[in-house]
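Asker: sequence and predicted structure below; questions after.
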Amino acid sequence: MSLQRQRGNAAERAIAKRLGGQRAGQFGGEDVAHAVYSIECKERATLPTWLKDALAQAVGHAPAGKTPVVVLHELGGRHDGDMVVLRLRDFENLGEDV
């Protein structure tokens, strides 16, 4: 098994553990099986700087008690296809805030 695949497997296991799911990626389909979410894990050596900057801006501008979120929209696309990015720790806390 390649080193890249080993790292991907480790990331899937870590996310499954943190979110209370079960790693299922070795069977094809979703990477982490969860009661509510269908989770696909992606690991890269580096993430785009503009994306990290956007999230840092959202964090810096978020008033106390609010969850920072970045919405990614492709010019000319429909907004129902937009993507939402937030930190894993904030995602984990979403259920607690409701």
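Answerer: Thanks, I have it.
Asker: how's this protein carved up into domains?
Answerer: Split into domains by automatic domain parsing, the chain comes to 1-44, 46-98.
Asker: so what pLDDT did the spatially most central residue of the chain get?
Answerer: Nearest residue to the geometric centre of the chain (Cα atoms, centre = their mean): Leu88, 6.1 Å. In this prediction, Leu88 carries a pLDDT score of 97.
Asker: skipping its backbone neighbours, what lies nearest it in space?
Answerer: In space, and not counting its chain neighbours, Leu88 is closest to Arg18: 6.9 Å by Cβ to Cβ, 6 or more residues apart in numbering. No exception for glycine: its C-beta is placed from N, CA and C like everyone else's.
Asker: what number of residues lie near Glu43?
Answerer: Other residues lying near Glu43 total 14 when counted by other Cβ atoms under 10 Å.
Asker: gap between it and Glu30?
Answerer: Relative to Glu30, Glu43 is positioned 16 Å away (Cβ to Cβ, to the nearest Å).
Asker: re earlier: mean pLDDT lowest for which of the domains of the chain?
Answerer: domain 1-44 (a mean of 91).
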